[in-house]
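1. Following is a predicted model, sequence given first.
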Amino acid sequence: MALVVQKFGGSSVADAASIKRVAKRIAAAKRAGDDIVVVVSAMGDTTDELIDLAQQITPLPPSREMDILLTAGERISMSLLAMAINNLGVKAKSFTGQQAGVITDAVHGRARIVDVVPHRIRETIERGQVAIVAGFQGVTSDTNDVTTLGRGGSDTTAVALAAGLGADVCEIYTDVDGVFSADPRIVPAARKLDRVSYDEMLELAASGAKVLVLRCVEYARRYGVPVHVRSSFSTHTGTLVTNEPAPDSPEGAAVEQPIIAGVAHDRSEAKITVVGVPDVPGKAARIFQVVAGSGVNIDMIVQNVSVAATGLTDISFTLPASDGATATAALSEHQPDIGFTSLQYDDTIGKLSLIGAGMKSHPGVSAKLFAALSDAGINIEMISTSEIRISVVTRADSLDDAVRAVHTAFDLDADQQEAVVYGGTGR
């Protein structure tokens, strides 16, 4: 008997028929002898519809009230799923994030989990019942206010509960069969990965792969929770995210990593170029202090060589496009004390990232990447590297071609099409 935490996304519980199908899957797992805890997202586009509804009331709804409103979506799906499971003859009880003991900080809209105290969930398991938990939500320890965890919050809830309960595995059910070597919507020949290390999955998630969110993977790595990504629309084995070697690996042998795990891409970033920055100590620091002070995270940074005659340089950096207006406004406000000439904003960029733990011990990966992009006629604007990742910025309209060219160059194409997107979103 194993303790399994299962998470089902919005596309998996989009309507009554989908909820009944998921309920049958959960009931079958329970009857097979496992203890089951389920984390569920809101049905389909419910969260987006609630946001739209709030904005029809006021363009700036209070963040506390928005959190109370948005948690309603998961509460609807959790109760309906519990009804469906009970209707199949398996006892199930639903719990809000607060009832499940998910404790967060007080940052409404993007709260972080600080503790999990799942006493009621343990009691439910001990009674032989299935516990259904509303994802994406928690409660503050001091004010008892309801909070939401931001994008992908249900994934994070599931992994946090798995860690708190000491579960054997956390199964993330989505509408694709696992983690693929590239987005199958762009690369039909993308290959399903059987196993991915935590570090590789962190880089994939940070670089735009949407099947798991970054915070979920960070939590799993910190507490050593194996995460099994699989489809709720099929019974295929998915992708196991873990640092443990495969069962058939030679005893005592380290996991032999393939050179490249996959190619990720991201269209959500923009680029700001600070033109004519005085090339003296402290100016770059001041620029990034201003950006950080406005609450904006920066991804890639490039500084040009200063022009000797003018003593000025240009500094470019990428950031989430949603934060572009905030960052430019903050920099413009401090233009007099920084002393730069102007700002250029570009939201027509795309980022491609090549990821693989094996690349750190294999020379020539960068050369092959740049050659593949050159052969495809794609220009590189910025470059960033880590031990297991190389990222480049290109024009957004050439990003799909870049992903396909690099995927093929590194022999990642499958012999036959493996990827099926059952629900249409990839989450």
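-> Arrived safely, thanks for sending.

2. that's a strand at residue 200, yeah?
-> No - with DSSP: H, G, I helix; E, B strand; the rest coil as the criterion, residue 200 is helix rather than part of a strand.

3. ranges for the helices of the chain?
-> 16-31, 46-57, 63-87, 97-100, 119-126, 153-165, 198-206, 214-223, 283-293, 324-333, 335-338, 365-375, 399-409 (DSSP state H).

4. for the last one, the distance to its chain's centre please.
-> This means helix 399-409. 22 Å (CA atoms, centre = their mean, to the nearest Å).

5. For it, which residues meet the burial criterion?
-> 399, 400, 402, 403, 404, 405, 406, 407, 409 (16 or more other CB atoms under 10 Å). In short, each C-beta sits where N, CA and C put it, glycine included.

6. is it true that the fifth one touches residue 185?
-> What that stands for is residue 404. No - here residue 404 does not reach residue 185: they are 11.5 Å apart, not a contact under CB atoms under 8 Å.

7. dump the residue contacts of residue 348.
-> Residues counted as contacts of residue 348 (CB atoms under 8 Å, 6 or more residues apart in numbering) are 395, 396, 397.

8. Leaving aside the residues adjacent along the chain, what's closest to the last one?
-> Which is residue 397. residue 348 (7.4 Å; CB to CB, 6 or more residues apart in numbering).

9. Show me where the stretch 151-300 of the chain dips below the pLDDT cut-off.
-> Residues of the stretch 151-300 of the chain that meet the criterion pLDDT under 70 lie in 247-258.

10. Against residue 303, how distant is the residue lying farthest from the centre of the chain?
-> What lies farthest from the middle of the chain is residue 309; by CA atoms, centre = their mean that is 45.7 Å. Residue 309 sits 18 Å away from residue 303, going by CB to CB, to the nearest Å.

11. now residue 377
-> Counting by CB to CB - residue 377 and residue 303 are separated by 27 Å.

12. When the two are compared, which one has more neighbours?
-> Neighbour count, other CB atoms under 10 Å: between residue 377 and residue 303, residue 303 has more, with 14 against 10.

13. can I assume the more buried one is in contact with residue 314?
-> Yes - counting by CB under 8 Å, residue 314 is a contact partner of residue 303 at 7.4 Å.

14. so what's the residue nearest the centre of the chain up against?
-> Nearest to the geometric centre of the chain sits residue 213, at 1.6 Å (CA atoms, centre = their mean). Contact partners of residue 213, counting by CB under 8 Å, 6+ apart, are 151, 152, 155, 156, 205.

15. mind redoing it with 6 Å?
-> Shown in contact with residue 213 (CB atoms under 6 Å, 6 or more residues apart in numbering): 152, 155.

16. Look up the closest residue to residue 127, ignoring the ones flanking it.
-> Counting by CB to CB, 6+ apart, the residue nearest residue 127 is residue 91, at 7.5 Å.
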